[in-house]
Every structure is written in C-alpha cells, then in structure tokens.
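Peer 1: requesting a structural model of the entry that follows:
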Amino acid sequence: RETVSFRISTTTYGARRLARFARGKTRSAEVLKYSFRATDLVFRLGGDEFVVIMSNADSSMRDLVRRKIEQANVMLQKPTDDLPPTSLSVGVAFADRENPEGDIFKDADTALYRMKEAGRCGCYIY
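Peer 2: The predicted structure follows:
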C-alpha cells in the first residue's frame with residue numbers, strides 16, 4: 001500500500017485569547033490522534049495547520065477517511081470544556097490518486113483550498 005497526506009486547517013469561532021487558542025490547537029491535535037491509527041503520524045505544521053501522514057493506505061480508504069474527519073468535526077464542534085467550538089477543513093491526497101498535479105503535499109494543499117472555498121468544516125479528497 002501507499003501513503004496518504006492530509007493538510008488540515010482548524011477554524012475557531014468566538015473570542016480567542018492566546019492561551020485558549022493554544023489549548024484549542026492542542027485539543028485539535030488530540031482529536032486527530034484519537035481519530036486515526038496509532039501508526040499514523042500527526043504533525044502541527046504551524047499556526048492552525050496540521051498534517052497527517054498515513055502509511056499502508058490507498059484511495060480505497062476514501063470513505064473511511066471521510067468518516068474519520070466527520071467524526072472528528074462532531075467531537076470538536078461540541079466541546080465539553082470551556083474552549084469554543086472548532087472545525088476541521090481537510091485536504092487529502094492519496095499516493096495512488098488520479099491525475100496528480102504535483103507532489104502529494106501540493107495536491108493535499110490544493111484539496112484543502114478547495115474545501116475552504118466550498119465552505120469549510122469538511123473533507124475534500126484530491
């Protein structure tokens with residue numbers, strides 16, 4: 001199997017103080033780690049962007065990945081702490097994708113921007 005790359009951007013609603021913002025990003029990372037396999041790698045790229053790298057994955061896992069992102073968004077939009085609701089906008093590119101325009105990270109980034117254009121809070125697969 002191949003690798004899949006995600007570009008993830010979080011959106012936080014409501015008033016944001018620096019400490020709450022940082023805690024919200026930590027919560028986003030925890031939800032992502034919980035949502036994926038122990039062998040998947042979750043990295044904070046910077047600011048409000050994360051990357052998930054899944055090995056032994058291919059485009060036959062599209063629906064599974066989409067469900068994982070939907071489940072993560074449900075968890076983030078209904079927080080049980082004092083943090084504001086957060087959502088994930090996700091761009092996904094599988095190594096075996098059709099018609100790649102660039103490397104896997106560039107195509108995941110392209111997918112992320114398409115998701116943001118479509119209204120955020122969801123998953124676009126390249």
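Peer 1: for the helix or strand hosting C123, list the C-alpha coordinates in PDB.
Peer 2: Assessed by DSSP states H and E, C123 sits inside strand 122-125. These are the backbone C-alpha positions of strand 122-125, laid out as PDB (Å, rounded to 0.1, in the frame of the first residue of the first chain):
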ATOM      1  CA  GLY A 122     -15.300  19.000   6.000                       C
ATOM      2  CA  CYS A 123     -13.000  16.900   3.800                       C
ATOM      3  CA  TYR A 124     -12.100  17.300   0.100                       C
ATOM      4  CA  ILE A 125     -10.200  14.400  -1.400                       C
END
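Peer 1: measure R27 to D48 for me?
Peer 2: Per Cβ to Cβ, to the nearest Å, R27 is found 12 Å from D48. From N, CA and C alone the C-beta is placed, and that goes for glycine too.
Peer 1: check F105 too.
Peer 2: With distances taken as Cβ to Cβ, F105 is found 17 Å from D48.
Peer 1: cool, and L112?
Peer 2: Remark: distance between L112 and D48 (Cβ to Cβ) = 12 Å.
Peer 1: who's more crowded, these two?
Peer 2: Legend: neighbour count by other Cβ atoms under 10 Å for L112 and D48, higher for L112 (23 against 18).
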